[in-house]
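Participant: below is the structure, and that's it, no one-letter string:
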């Protein structure tokens with residue numbers, strides 16, 4: 001009898017060991033996802049920011065729900081602790097499935113680079129940036145070694161240091177500039193030249209959107225930035241537009257797996273349709289096309305054609321499919337001139353831009369026109385897009401009781417979308433703009449013609465010197 005009890009006890013102990021060991025082993029085998037949260041709000045020599053710490057806490061909770069391990073870092077980092085945190089994170093990122101850095105605080109562009117500002121920076125001149133600020137390239141390099149690299153910058157805020165700098169390069173008055181880095185997803189809280197809203201509560205609209213989207217089951221990371229962008233646009237009444245810079249794989253990757261879908265393209269459509277307004281069919285088609293067009297899989301392009309047989313991008317989709325399915329010709333030996341091989345067909349970038357413009361030009365939606373400017377900042381229709389936005393945001397002139405214009409208020413002068421406004425040669429009227437930032441000195445100084453008196457006065461008030 002004693003022997004029987006000993007066997008039973010041994011079996012119970014073995015079962016208990018397996019119960020504890022198996023989940024631990026499964027957890028050890030799970031892909032690592034690491035994140036670093038940097039929240040700088042208590043600046044010693046610049047205006048304090050109220051939300052970075054609470055925003056970082058909110059986003060940190062969302063990342064934990066998505067399976068991330070948060071690498072410890074104190075809030076309000078000076079230059080030394082900031083560099084140390086990046087050094088520690090780099091060692092954690094090596095071999096990880098996903099390495100993500102979230103930064104909230106002051107961020108500026110100067111001397112052709114983007115800089116994140118530690119809390120102890122003084123920055124009396126732009127030459128001090130090398131010694132007192134963090135080059136964004138250093139932040140990006142801290143994610144190297146991971147399969148998927150993500151950097152989220154809630155840093156498009158006014159530069160509190162640049163009013164006394166000698167401006168020999170691009171303007172440093174507002175926000176960050178877009179970057180072009182391969183194999184990394186960068187999400188900005190606002191488009192270049194815009195200021196990010198702190199919101200009315202404890203968290204910014206950008207942080208609230210991240211909190212909603214990061215743990216969303218079945219959402220491909222390729223669509224994460226677009227979902228956050230749409231959420232913030234709605235929350236701010238089209239005033240703040242997050243900006244996405246991405247050069248990552250087209251194979252859908254989900255932070256939180258969801259229900260299986262028939263195909264990656266159909267999955268992208270489902271994710272887009274779940275958050276887009278039911279009447280905004282054009283935006284849903286645009287998101288479907290963006291997901292399918294970046295893939296090397298012809299089946300995704302065929303899924304787009306099946307869904308939108310008369311869509312805005314059908315010709316481009318057919319050309320892309322033909323290019324992907326064209327058999328590779330046998331390369332003969334001998335000089336290149338004797339091979340007589342046809343050059344592979346390529347998508348014409350001008351045709352793609354034209355198709356994009358045609359899809360938004362007839363719309364009265366400021367968000368879609370602004371999205372075109374973000375996608376093609378030097379495009380051939382940028383002036384037309386800006387003119388349409390100006391026309392849509394121009395306030396109506398006050399009228400008297402008799403229906404005429406007020407005697408004390410001049411009616412706004414019309415803007416010619418193809419060139420300067422009607423007025424003196426060589427001048428152009430500044431299109432009035434409604435909203436939080438449209439009539440500010442920042443907007444006039446950075447968007448008005450350099451020779452316009454309003455531009456000159458706005459720049460003097462803002463920085464002490466004209467453009």
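Facilitator: On my side now, so go ahead. Computed from a prediction, not measured in an experiment: that's the story for all the values here. Numbers count the residues shown, from 1 in each chain.

Participant: what helix or strand does residue 186 sit in?
Facilitator: With secondary structure defined by DSSP states H and E, residue 186 is part of strand 185-188.

Participant: what distance do you get for residue 83 to residue 116?
Facilitator: The gap separating residue 83 from residue 116 is 11 Å, by Cβ to Cβ, to the nearest Å. Any C-beta I mention is one placed from the backbone N, CA and C, and that applies to glycine too.

Participant: name the residues contacting each of the two.
Facilitator: Common neighbours of residue 83 and residue 116 are listed as residue 134 (criterion: Cβ atoms under 8 Å, 6 or more residues apart in numbering).

Participant: which one's more surrounded, the two?
Facilitator: In terms of neighbours (other Cβ atoms under 10 Å), residue 116 is the more surrounded of residue 83 and residue 116; the figures are 26 against 15.

Participant: surely the more buried one meets residue 134?
Facilitator: Yes - between residue 116 and residue 134 a contact is recorded at 4.4 Å, counting by Cβ atoms under 8 Å.

Participant: shared neighbours, these two?
Facilitator: With Cβ under 8 Å, 6+ apart applied, the overlap between the contact sets of residue 116 and residue 134 consists of residue 82.

Participant: from residue 131, how far off is residue 125?
Facilitator: Taken as Cβ to Cβ, the spacing of residue 125 relative to residue 131 amounts to 11 Å.

Participant: correction: residue 293
Facilitator: From residue 293 to residue 131 the distance is 43 Å (Cβ to Cβ).

Participant: also residue 309?
Facilitator: Counting by Cβ to Cβ, the gap from residue 309 to residue 131 is 59 Å.

Participant: repeat that for residue 326.
Facilitator: Here the distance between residue 326 and residue 131 works out to 54 Å (Cβ to Cβ).

Participant: which residues of the protein fall in strands?
Facilitator: 33-39, 69-71, 98-110, 113-116, 134-135, 148-156, 185-188, 243-246 (DSSP state E).

Participant: so which elements touch the first one?
Facilitator: Taking 3 or more Cβ pairs under 8 Å, 6 or more residues apart in numbering; DSSP states H and E as the contact definition, the neighbouring helices and strands of strand 33-39 are helix 52-65, strand 69-71, helix 79-93, strand 98-110.

Participant: just the fifth one next, same as before
Facilitator: Counting contacts by 3+ Cβ pairs under 8 Å, 6+ apart, strand 134-135 packs against helix 79-93, strand 113-116.

Participant: also the fourth one?
Facilitator: Under the contact criterion of 3+ Cβ pairs under 8 Å, 6+ apart, strand 113-116 touches strand 98-110, strand 134-135, helix 136-141.

Participant: can you tell me the strand partners of it and which way each runs?
Facilitator: Partner strands for strand 113-116, per DSSP bridges, with pairing direction: strand 98-110 (antiparallel), strand 134-135 (antiparallel).

Participant: to residue 146, which of those lies closest?
Facilitator: Comparing the strands paired with strand 113-116 by their distance to residue 146 (Cβ to Cβ), the top pick is strand 98-110, with 3.5 Å.

Participant: burial measure for the closest residue to residue 313 other than its chain neighbours, as a count.
Facilitator: Of all residues not flanking residue 313 in the chain, residue 289 sits nearest, at 4.8 Å (Cβ to Cβ, 6 or more residues apart in numbering). The burial metric for residue 289, expressed as a neighbour count using other Cβ under 10 Å, is 26.

Participant: residue contacts, residue 289?
Facilitator: 304, 311, 312, 313, 317.

Participant: closest to residue 233 out of those?
Facilitator: Within the set of these, residue 312 lies nearest residue 233; the separation is 20.6 Å, counting by Cβ to Cβ.

Participant: would you map out the domains in the protein?
Facilitator: Here the chain is described, according to automatic domain parsing, as comprising the domains 30-259, 419-467.

Participant: those: which one's closest to residue 299?
Facilitator: domain 30-259 (12.0 Å).

Participant: quick one: mean pLDDT for that closest one?
Facilitator: Averaged over domain 30-259, pLDDT sits at 85.

Participant: residue 36 contacts residue 101, correct?
Facilitator: Yes - counting by Cβ under 8 Å, residue 36 sits close enough to residue 101 to count as a contact (4.8 Å).

Participant: find residues that contact each of these two.
Facilitator: Listed as contacting both residue 36 and residue 101 by Cβ under 8 Å, 6+ apart are 89, 142.

Participant: quick one: residue 213 and residue 44, what's the gap?
Facilitator: From residue 213 over to residue 44 (counting by Cβ to Cβ), the distance is 34 Å.

Participant: picking that back up, so which of the helices and strands packed on strand 134-135 is the most packed in?
Facilitator: Most buried of the helices and strands packed on strand 134-135 by mean neighbour count (mean count of other Cβ atoms under 10 Å) is strand 113-116; its value is a mean of 24.

Participant: tell me which residues are up against that one.
Facilitator: For strand 113-116, the external contacting residues (Cβ under 8 Å, 6+ apart) are 38, 40, 82, 103, 105-109, 129, 133-137, 139, 153, 155, 176-177, 179.

Participant: ok, back up a step: and residue 355, which of the domains of the chain is closest to it?
Facilitator: Closest of those to residue 355 is domain 30-259, at 18.4 Å (criterion: Cβ to Cβ).

Participant: quick one: the helices in the stretch 351-467 of the chain?
Facilitator: With DSSP state H, counting those that start in this stretch, the ranges of helices along the stretch 351-467 of the chain come out as 366-375, 382-393, 441-447, 453-463.

Participant: correct me, but residue 304 touches residue 313?
Facilitator: Yes - Residue 304 lies in contact with residue 313 (Cβ under 8 Å); the separation is 7.2 Å.

Participant: how many neighbours does the nearest residue to residue 64 once chain neighbours are set aside have?
Facilitator: The spatially closest residue to residue 64, leaving aside those adjacent along the chain, is residue 70, at 6.6 Å (Cβ to Cβ, 6+ apart). Look at residue 70: counted by other Cβ under 10 Å, it has 17 neighbours.
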